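Chemist: Coordinates for the following, if possible.
(2 chains)
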Amino acid sequence: MFLRYFLTVLLFCFTSALDPFEKFAESTTRHTNNWAILVDTSRFWFNYRHVANVLSIYRSVKRLGIPDSNIILMLADDMACNPRNPRPAEIFNNVAEQINVYGDDVEVDYRGYDVTVENFVRVLTNRLPEVTPVSKRLLSDESSNIFIYMTGHGGDGFLKFQDNEEISAVELADVIEQMWRKKRYHELFFVVDTCQAATLFEKFYSPNILAVGSSKRGEDSLSHHVDPKIGVYVIDRFTYYALEFLEKLKQDSQKTINDFFHCCPKHLCISEVTWRTDLFTKRDYHKTLLTDFIGNVRRTEIVMLNNQLLDNIIINSTLNQTFDKQDESKQEFTYISQMPILD
Amino acid sequence: MPLLSTLLSQDIPQNFYKLQLHIYSGLFCIGLLGFLYLSSPIVSRRTYLSENALSPGLVSNDLSISNERIRQIMAQLRAGFKDKNIANVIQSMLIENGIEAYKQNIGINSTDKQEENIYGIVRAPRLASTESIILVAPLYVRIQTNTQQVKANLFGIAHTLATGFTLHRKPYMAKDIILLFPTAQENGTRAWLDAYFNSKPDSIPLDAHAGSIQAGLALEFPHEKFYSIDLRHNGINGQLPNLDLINTVIQLCDKNSIAASLYNIYVDLSANDLGYDYVIKSTRTLLLNVLTLATGISDGVHGQFLHYRIEMITLFGSLEKHHEYQNSPITIRAFDDVIEGFIRSLNNLLERFHQSFFFYLHINRRNFVSIATYMVPLGLIVLPALIRSLVLYMSFFASSTSTPTNTNVTHGRTMKFHVNYSPIFFEILECLALSYVLMWIPLKLSFLGIWLITMFLSPIFLCPLRSNERQFDYFQFILLLTGSAILGCLSLLNYSMAFLVACFLMPCYLIAGCTKFEYWFVKIICRFLFITFLNPLVFLALYHYLTRLLIAGTLVLPDFVQFTNDLETYFASYRLFNAWTVDVICLTIIPLWLVLYRSTFWIRN
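Modeler: Numbering: from 1, shown residues only, chains lettered A, B, ... in the order given. Presented below is the predicted three-dimensional model:
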């Protein structure tokens, strides 16, 4: 009897060491999909830079792999078709005017007066009306990593939406806690570029959150430069330097969150970039890759057929193809570019 | 602290009674000095732009109007003025360039010619006409030195037209631009505005309207070469445009190194320390600000637009050279940059001007005082009247403990004497009736002189009431309260006028109150003062002389003929501006003054 008991324990130990599920269990503590929510909260022509901020981040996020179906883009005003825009249908984030960030492949999910505090909260907690299309929903689950970027005019403990309402830091913290309770995120990365940005995330209390803001309490975040031909400021400082950092990233980059925190030192940003990591306990943010949030996880299996990659050959169903395991040779694997964006 | 209803004259310390005269005159002098002190940098503030959307000068200049084009336009305009069909010329020029143009008939002028306003509307290309701005260039403008003479406003009209032509079809214009060329200055402008807003029941509506007009600029340039720009912002009845508008124009002028003067006074702000020059010029600007606003008429067509709350100032091309070492006139390029920058700034706005001050006084083009600050000196000047009325009030009532002989029970308090109300009522009615005569007689100096002499002799034929000291005090009490109330109301409408009237009325009250003294020669002196110094015509003459001194900047001799001419022009034309200055003075201030004068005759020994 003792022997039976002993053998059972031994068997248990061995299987747990070799259990293929173990590896899988470990991998479920990693995320399986990425979502991004990019919000611009200001209206009016002279807040052109906030729309340019968000669209530039959108561009980087998309380039690094997150598809439109996983991005929720909220723009509070239409700058491209504003009658004051001397370059109609174009939005630039730089005085050189080389990239039109409002190009053909920008999908805006919430626009104009739809960008309200209520809609933002409903998106995060998925309490939307039943008729809401899938493209306007945040269909995240407990293994999603979410990247939230917000820009606009903010103050001590609030962010102004559309010039007539605000979301307070306490409210936002409660919404994020609701997301945690509903198991709607695995890890959250919260980036804010407004005046007194750090006050917006200081009330968070849910686990697994990283947050960075462009200025601390009492400080204004400054804009970077003006485009004299358009007559408005076109980008904010923190976003400008964050973009410089993100433009150098590739999908397999090993840059960490800590590097992103230091992308805009005080002599460049003038306001003090403040971050919060005390809720991010499971991992060390010094070792967390930035692409965990801003990139996209794709577990792809590459099937070999006659030692060639599947999408390079035309399948002829009349041919009998067999593949030989011995003919397998070492191949270099690279990520297929997801969409035809010119890098 | 005893309640007001239980205060008695014995509650006032005796020292106060001895020092009353000193306190009142002291407060009055402190008020006057305080007003002059407004020009100091401790009290005045630096101007700033409240509306962030304006951002003047942030956008680089996009329009390039060539000199050749301007010369072409001016040649056509010159021909039009010579052939006396300028309206057709302007209309055809607008239509040639694709801008809708209309004419408005406003009647026949003195030379049997049809007077016409011309206006064109440059529509916003990508927006329905929800808002618009207006550029006004009167056909004829008064020249600087002689306000009776007019010259054709060639430069102003040419630049308005050129700006309209180049802004036509620009993709970034979000507002309509109305180009208005009114004839007969204020007359024509007023007719156009009445027709545009349909404010008179018998006005014919205009052919076309644009969006709701938010702001604008008036260009008056009698000379083709000018050395500085004089900003004129006085509106009707003390109205002023929004301070943001003026600050935008001044910022653009500074950026293009154009000297922008206020009342033809330019203060050099480049030095860090205040020199004698700065103090003198700032005080001159402040005083001229008040003195010119008090008349209630505006010094340009912009006043008519301010009446409808369309923010506008007039840019006048002046021949004064204000910058040191300035030898050459202002370049067309710099001027066009200012106009274009102004239009681009206005283009950014979504709403009317509402952020910045509407009530302010300029010290110089970069410093001002707001209403919160400049009300205090007026308050100090009117304070003696209120204190005196309080003192008099407390002296009327007997305490309940004393045994009065001659008492009158009034609502719980016993007055020490019986008040006869009917003589007071008749006195006030007589003075009102006498002043009402002024509304009917033609206001020429000769008539006014005759009226004034009649008033001085009125105590002889219209017997003033005989009263003892108590009645006199009671009547003074009523007059003090009336005067304070009138000044209070006036200060909210036209502060400058209220200030000048207060400076005139407070000495009147003081002198009238002084007739209480027992000595017979005090009464004679008081009456004499009323006749010579404290009468309205002399005060007007002094005011006119002071204004001329301040405008000239140097000592000038008093000129009676000039005074007569200016006065008669003013009386003839004030109605054109919707100004109520003369009416209010004739119906409220003159009766008050008259009653005060007659009160020097009440107490007989």
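Chemist: Now that B:Asn198 has come up, it's in contact with B:Ile204, right?
Modeler: No: with contacts counted by CB atoms under 8 Å, B:Asn198 stays clear of B:Ile204, the gap being 9.4 Å. C-beta here means a position set from N, CA and C on the backbone, and glycine is covered the same way.
Chemist: So the residue nearest to B:Phe35 when sequence neighbours are not counted, which state does it fall into?
Modeler: Nearest non-adjacent residue to B:Phe35, counting by CB to CB, 6 or more residues apart in numbering or on different chains: B:Pro377, 3.9 Å away. With DSSP: H, G, I helix; E, B strand; the rest coil as the basis, B:Pro377 sits in helix.
Chemist: Who are the contact partners of B:Pro377?
Modeler: B:Pro377 makes contact with B:Gly31, B:Leu32, B:Gly34, B:Phe35, B:Leu38, B:Phe499, according to CB atoms under 8 Å, 6 or more residues apart in numbering or on different chains.
Chemist: how about 10 Å then?
Modeler: Contact analysis of B:Pro377 by CB atoms under 10 Å, 6 or more residues apart in numbering or on different chains lists B:Ile30, B:Gly31, B:Leu32, B:Leu33, B:Gly34, B:Phe35, B:Leu36, B:Tyr37, B:Leu38, B:Phe499, B:Ala502.
Chemist: Now the last one: which helix or strand?
Modeler: In the assignment (DSSP states H and E), B:Ala502 maps to helix B:495-514.
Chemist: Helices of the stretch 251-400 of chain B, residue ranges please.
Modeler: Using DSSP state H, counting those that start in this stretch, the helices of the stretch 251-400 of chain B run over B:276-294, B:302-307, B:332-347, B:371-396.
Chemist: Give me whichever of those helices is most buried.
Modeler: helix B:302-307 (a mean of 26; mean count of other CB atoms under 10 Å in any protein chain shown).
Chemist: which other helices and strands contact it?
Modeler: In terms of contacts (3 or more CB pairs under 10 Å, 6 or more residues apart in numbering or on different chains; DSSP states H and E), helix B:302-307 is packed against strand B:131-136, helix B:185-197, strand B:212-220, strand B:311-318.
Chemist: Report the distance from stretch B:532-540 to the chain centre.
Modeler: Centroid displacement of stretch B:532-540 relative to its chain, using CA atoms, centre = their mean, to the nearest Å, is 21 Å.
Chemist: ditto for stretch B:471-487
Modeler: Taking CA atoms, centre = their mean, the mean C-alpha location of stretch B:471-487 is offset from the chain mean by 27 Å.
Chemist: Restricting to C-alpha, output that stretch in PDB.
Modeler: Output in PDB follows, covering the C-alpha atoms of stretch B:471-487 (Å, rounded to 0.1, in the frame of the first residue of the first chain):
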ATOM      1  CA  GLN B 471     -35.900 122.500   5.400                       C
ATOM      2  CA  PHE B 472     -32.700 123.400   3.600                       C
ATOM      3  CA  ASP B 473     -31.000 120.400   5.000                       C
ATOM      4  CA  TYR B 474     -33.800 118.200   4.100                       C
ATOM      5  CA  PHE B 475     -33.800 119.400   0.600                       C
ATOM      6  CA  GLN B 476     -30.100 119.000   0.300                       C
ATOM      7  CA  PHE B 477     -30.400 115.500   1.600                       C
ATOM      8  CA  ILE B 478     -32.800 114.700  -1.200                       C
ATOM      9  CA  LEU B 479     -30.600 116.300  -3.800                       C
ATOM     10  CA  LEU B 480     -27.500 114.500  -2.600                       C
ATOM     11  CA  LEU B 481     -29.200 111.100  -2.900                       C
ATOM     12  CA  THR B 482     -30.600 112.000  -6.300                       C
ATOM     13  CA  GLY B 483     -27.200 113.100  -7.600                       C
ATOM     14  CA  SER B 484     -25.500 110.000  -6.300                       C
ATOM     15  CA  ALA B 485     -28.100 107.800  -7.900                       C
ATOM     16  CA  ILE B 486     -27.800 109.600 -11.200                       C
ATOM     17  CA  LEU B 487     -24.000 109.400 -11.100                       C
END
